[in-house]
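Asker: how would this look folded up:
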Amino acid sequence: MTAAVEAQPGVKHTALAQKSAGHVIVDSLVAHGIKRAHVVPGESFLDVLDGLHDSTIETIVCRHEGGATYMAEADGKMNQLPGIAMVTRGPGAANAHVGLHTAWQDSTPMVLFVGLIPFAHRDREAFQEFDIKAWFDTGAKRVMVLDHAERASEIVAEALFAAMSGRPGPVVIGLPEDVIRQQIPAELHPPIPVATGGMTTVDSAALAEALAASSKPLFVTGGNDWTQEGADQLTAWLEKHHIPAAAEWRTQGTVPFDSPSYVGPIGYGRHRPTYDLLEETDLLVFVGTVPGDVITDGFLCRQDWKKKNFLVTIDPSLRGRSGPVSYQIVAKPDVFIRDLAKLELPVKDEWKDWTARMRGEQVTFAALPAAAPSSGQARMDTLMANLVPTLPADAMVTLGAGEHTNWAHRYFPTQRYASMISARNGSMGYSVPSAIAASLEYPGRRVVTIAGDGEFLMNGQELATAAQYGATPLVIVMDNQEYGTIRTHQERHYPERVSGTQLKNPEFALMAQAFGGVGIKVEHDADIPAAIEAALKAIDEDKVFALIHLVVEQRVKAY
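Answerer: From the prediction side, this is the model:
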């Protein structure tokens, strides 16, 4: 907060420059290292938009608030700093809620700025008025309203700190349009350091003792609070000790796909039942995540209180966990791994056998299908078999929700941290916005997104944003003319009574062309290799996004 300067005898004071609160907000974001803001403009925060005009922050103008918050959420997953989204009051805030829920359940640092009605109009049901705290309080770490202009920089610093500290998550800041126009001293609040925790000597001894007593230990990596250095250190330690690691659902890549210690994803879509793996291991060490709903198959497995679970998380509340807690180490992944790397343990033959068996299952499961096309209708198996060999080591994949994502879970070679960006809350419409965010953040990397036909139409309009800012993802739309995941549940509980899940789709390839990219429709398996070659050529040579519209049979699954 900017404090009043008191006159002191013999001391000469220089008056601070004055700026509007909206401009100070932008200056504060710049001072914290924010590179990009995802925006759907509104008259309620024009002064902030004006501040962005001459700033170093890249303003990504999106076509829907859901797309903007998804992009910001993906940005938060890829970086140590929170992703930033800005939307207007009422309807804009309502549309933005989906990205906020994703950030909440996926523990992603994000700050959502929402323009509000003028302070003087509050509680009179002014145009687009709503109660920002009533709307967002249960789904955000903090909800703050800038009612005092002089606190503009302080509130930005507090919001970024809150989004990153403890278990990361979303923070909402309300900006009354008259308050952000007020002139205030331009002094900026410094960044607030975030505590990272660490392993004490007692923690280290407890973990060493548990590992020494274990015959089948298993690490589970998850969350978004890692760095590549930490991921590399963990991988080296695991491989040295012949200890396996699984990845939390849709977070593959922390331990590389080809590591001898990597034994696959765990949760929905696991190729062997989650229950089997979690029950067989005699020591689970969760790093960056906790055993929640998805990992425990609906709070069913690993519930025996005699089981040993070590939870490594900076969140002392262990929000979302289930089952036994044998020991908690309060630390972010990187600092825990820094201390773990110092832990020297004799390698047991049982560890080698256990890891080799689990790794063998994963290698068999992830082996690519035949690349030679069949004579029939297009197949996702054929597409993956022809696409994967073309991918560089730093390729990224983004996913929304649906059965189409399982082809990536099974085959995509995630070799680095954050090479799989997805919505772990099962939110549809995430694939295209997250792919755009990834392509803008890493313009030299191959970014692939696999979208279902139902999911694509929820935010496919953001391809206009991709064209506007030069994002070049490869978009694969798997068109099976249905909401496949829901159909699967329907067949299980209401067999032979298909209702509310069937779709009639447009020409997705023509849509891509209309948005300024390359679109290729593929109906026959034999045409897949040429379609991939043409799409990648368009991305690499013409510098545009490319979309492959793959028309497949219904009820064909990855496994």
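Asker: Only C-alpha atoms from now on, for both contacts and neighbour counts.
Answerer: Noted.
Asker: what's near enough to touch residue 349?
Answerer: Not one residue lies near residue 349 by Cα atoms under 8 Å, 6 or more residues apart in numbering.
Asker: how much space between it and residue 285?
Answerer: Using Cα to Cα, to the nearest Å, residue 349 is found at 20 Å from residue 285.
Asker: So, low pLDDT: which residues of the stretch 1-150 of the chain?
Answerer: Scanning the stretch 1-150 of the chain with the threshold set as pLDDT under 70 gives 1-15.
Asker: from the middle of its chain, how far away would the helix or strand where residue 210 lies be?
Answerer: Per DSSP states H and E, residue 210 falls inside helix 201-212. Centroid separation between helix 201-212 and its chain, computed with Cα atoms, centre = their mean, to the nearest Å, is 32 Å.
Asker: what is the rounded mean pLDDT of it?
Answerer: With pLDDT averaged residue by residue, helix 201-212 scores 97.
Asker: swap in stretch 432-452?
Answerer: pLDDT averaged over stretch 432-452 gives 97.
Asker: what's the single longest helix in the chain?
Answerer: Secondary structure of the chain read by DSSP state H shows that its longest helix is helix 349-366.
Asker: who touches the helix or strand just after it?
Answerer: Heading C-terminal from helix 349-366, the first helix or strand you meet, by DSSP H and E, is helix 380-387. Contacts with helix 380-387, where a contact means Cα under 8 Å, 6+ apart, come from 368-373, 407, 411-412, 478, 525, 528-529, 532, 550, 552, 558.
Asker: Select only the buried ones of the residues you listed in ChimeraX?
Answerer: Per 16 or more other Cα atoms under 10 Å, the buried members of these correspond to this ChimeraX selection:
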select :368,371,373,407,411,412,478,525,528,529,532,550,552,558
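Asker: Could I get the buried residue list for the helix holding residue 210?
Answerer: Under 16+ other Cα under 10 Å, the buried positions of helix 201-212 are 204, 207-208, 210-211.
Asker: now the next helix or strand after it, how far from the chain's geometric center?
Answerer: Sequence order places strand 217-221 as the next helix or strand after helix 201-212, per DSSP H and E. From the chain centre to the centre of strand 217-221 is a distance of 21 Å (Cα atoms, centre = their mean).
Asker: Return the list of helices and strands in contact with strand 217-221.
Answerer: strand 245-248, strand 283-287 (3 or more Cα pairs under 8 Å, 6 or more residues apart in numbering; DSSP states H and E).
Asker: Now mean pLDDT, distance to residue 437 and mean neighbour count too, for those, in TSV please.
Answerer: Listed next are the helices and strands packed on strand 217-221 as TSV, based on pLDDT from 0 to 100; distance: least, Cα to Cα, whole Å; neighbours: other Cα atoms under 10 Å:
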stretch	mean pLDDT	distance to residue 437	mean neighbour count
strand 245-248	94	22	27
strand 283-287	97	26	24
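Asker: okay if I get these as JSON lines plus distance to residue 52?
Answerer: Putting the helices and strands packed on strand 217-221 into JSON lines (distance: least, Cα to Cα, whole Å) gives the following:
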{"stretch": "strand 245-248", "distance to residue 52": "37"}
{"stretch": "strand 283-287", "distance to residue 52": "38"}
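Asker: out of those, nearest to residue 18?
Answerer: Residue 18 sits nearest to strand 283-287 of all the helices and strands packed on strand 217-221, at 46.4 Å, using Cα to Cα.
Asker: For whichever helix or strand comes after that closest one, report the contacting residues that lie outside it.
Answerer: Counting by DSSP H and E, the element after strand 283-287 in chain order, helix or strand, is strand 309-312. For strand 309-312, contacts defined as Cα under 8 Å, 6+ apart pick out 207, 283-290, 324-333, 336.
Asker: Report the buried members of those.
Answerer: Looks like the contacts of strand 309-312 have 207, 283-290, 324-325, 327-333, 336 buried, using 16+ other Cα under 10 Å.
Asker: chain center to stretch 551-559, what's the gap?
Answerer: 26 Å.
Asker: wait, stretch 204-215
Answerer: 32 Å.
Asker: Same check on stretch 284-300?
Answerer: 18 Å.
Asker: then it to CSV, C-alphas only?
Answerer: The C-alpha trace of stretch 284-300 is given here as CSV (Å, rounded to 0.1, in the frame of the first residue of the first chain):
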residue,chain,number,x,y,z
LEU,A,284,2.8,-44.8,-2.1
VAL,A,285,4.7,-41.5,-2.2
PHE,A,286,2.6,-38.8,-3.8
VAL,A,287,4.6,-35.7,-4.9
GLY,A,288,2.7,-32.5,-5.8
THR,A,289,-0.7,-34.1,-5.5
VAL,A,290,-2.9,-36.2,-3.2
PRO,A,291,-4.9,-39.4,-3.6
GLY,A,292,-8.2,-37.9,-4.6
ASP,A,293,-11.4,-39.0,-6.4
VAL,A,294,-9.9,-39.9,-9.8
ILE,A,295,-6.8,-41.6,-8.5
THR,A,296,-8.7,-43.7,-6.1
ASP,A,297,-11.4,-44.7,-8.5
GLY,A,298,-14.2,-42.7,-6.7
PHE,A,299,-12.7,-43.0,-3.2
LEU,A,300,-12.8,-46.8,-3.3
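Asker: Which residues does it contact?
Answerer: 217-226, 248-249, 266-268, 274-275, 278, 302, 308-314, 318, 320-323, 332-333.
Asker: In contact with the nearest residue to residue 481 once chain neighbours are set aside, which residues?
Answerer: Counting by Cα to Cα, 6 or more residues apart in numbering, residue 481 lies nearest to residue 503, which is 4.7 Å off, once chain neighbours are set aside. With contact taken as Cα under 8 Å, 6+ apart, residue 503 is in contact with 454, 481-483.
Asker: Neighbour count and secondary structure for those - can I get that in a markdown table?
Answerer: Putting these into a markdown table (neighbours: other Cα atoms under 10 Å; DSSP: H, G, I helix; E, B strand; the rest coil) gives the following:
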| residue | neighbour count | secondary structure |
| --- | --- | --- |
| 454 | 24 | helix |
| 481 | 18 | coil |
| 482 | 19 | strand |
| 483 | 19 | coil |
